[in-house]
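> got a predicted structure plus its sequence, pasted below:
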Amino acid sequence: MDTGRVASANVVPGVVEPVRWPGGGGWHLPVAPLLRELAGTVGAGSWTDARNSPGSADGPVLFLPRQWKPDLSEPARRALEAATIATQSHHPWYVHLGRTAVEPTRNLAADLGRLCRLADLLCLDLVVEARGRGAGGGLSWDIRYEVPGGPVPAQARGWADDLSGAVAPSPRSPTRCTDWTSAVAPLRATI
């Protein structure tokens, strides 16, 4: 982002070599090394998913089917890898924004204030919700925009352990926080 440079890669069979999942599980295609290589190409010391979507800043984890084995013929391995990559067709592009230095710490009060001001400008309700997770499960927090007077959703949408976790990233969930895209997600379903 602050380097002004761009790099890209096309994830196709053979570009990312499969590795065994830690702990002796199955095999997966690790996208993180490819992202680190691209970041190095543009001089980025850190990066984030541009959509700020839940998940890892290191990209998706692509688990290969159980049939994939390193001793299969190359065409059979590549066909299974292609099928796995195709499961990501709902997100054919992953865009990451890089910085030369680590992204500055977010200011929770300022972020919540920004969400409030935006709700006022758009004549929407900013809903801060805390719902019980069940027997001894604590609370699940969520922040979202809603049309004034709209119905309360039957299902909880929240995932954060506390208000600060719903507003800004935490060490436990560095990419799961409220931004414009996640806050308006409930509105998109009603349009």
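Thanks, I have it.
> domain ranges for this protein?
19-99, 108-190 (automatic domain parsing).
> now tabulate these in a markdown table and tack on mean pLDDT, distance to Thr3 and mean neighbour count.
All C-beta atoms are positioned from the backbone trio N, CA, C, and that covers glycine. Shown next, in a markdown table, are those (pLDDT from 0 to 100; distance: least, C-beta to C-beta, whole Å; neighbours: other C-beta atoms under 10 Å):
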| stretch | mean pLDDT | distance to Thr3 | mean neighbour count |
| --- | --- | --- | --- |
| domain 19-99 | 83 | 5 | 14 |
| domain 108-190 | 75 | 21 | 14 |
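> could you dump those domains into a markdown table with distance to Ser8 added?
Formatted as a markdown table, the domains of the chain follow (distance: least, C-beta to C-beta, whole Å):
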| stretch | distance to Ser8 |
| --- | --- |
| domain 19-99 | 7 |
| domain 108-190 | 21 |
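> now for the longest helix along the chain, which elements pack on it?
When the chain is parsed with DSSP state H, its longest helix is helix 108-122. Counting by 3 or more C-beta pairs under 8 Å, 6 or more residues apart in numbering; DSSP states H and E, the packing neighbours recorded for helix 108-122 are strand 125-132, strand 139-146, helix 163-167.
> which one of the ones you listed lies closest to Ala86?
strand 139-146 (31.7 Å; C-beta to C-beta).
> quick check, distance from that closest one to the centre of its chain.
Relative to its parent chain, strand 139-146 has a centroid offset of 17 Å by C-alpha atoms, centre = their mean, to the nearest Å.
> other SSEs contacting that strand?
Going by 3+ C-beta pairs under 8 Å, 6+ apart, strand 139-146 lies up against helix 108-122, strand 125-132, helix 163-167, helix 180-190.
> and these: which comes nearest Tyr145?
helix 180-190 (5.1 Å).
> returning to that earlier point: for Ser46, find the nearest of the helices and strands packed on helix 108-122.
Comparing the helices and strands packed on helix 108-122 by C-beta to C-beta, helix 163-167 comes nearest, at 20.4 Å.
> now do the contacts for the closest residue in space to Gly158 that isn't next to it in sequence.
Of all residues not flanking Gly158 in the chain, Asp142 sits nearest, at 2.9 Å (C-beta to C-beta, 6 or more residues apart in numbering). Counting by C-beta atoms under 8 Å, 6 or more residues apart in numbering, Asp142 touches Val127, Val128, Glu129, Arg131, Ala156, Arg157, Gly158, Trp159, Ala160, Ala166, Thr178.
> export the helices and strands packed on helix 108-122 to TSV and tack on distance to Thr87?
Output for the helices and strands packed on helix 108-122, formatted as TSV (distance: least, C-beta to C-beta, whole Å):
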stretch	distance to Thr87
strand 125-132	31
strand 139-146	27
helix 163-167	29
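> looking at the ones you listed, spot the one closest to Thr105.
Per C-beta to C-beta, nearest to Thr105 of the helices and strands packed on helix 108-122: helix 163-167, 12.1 Å.
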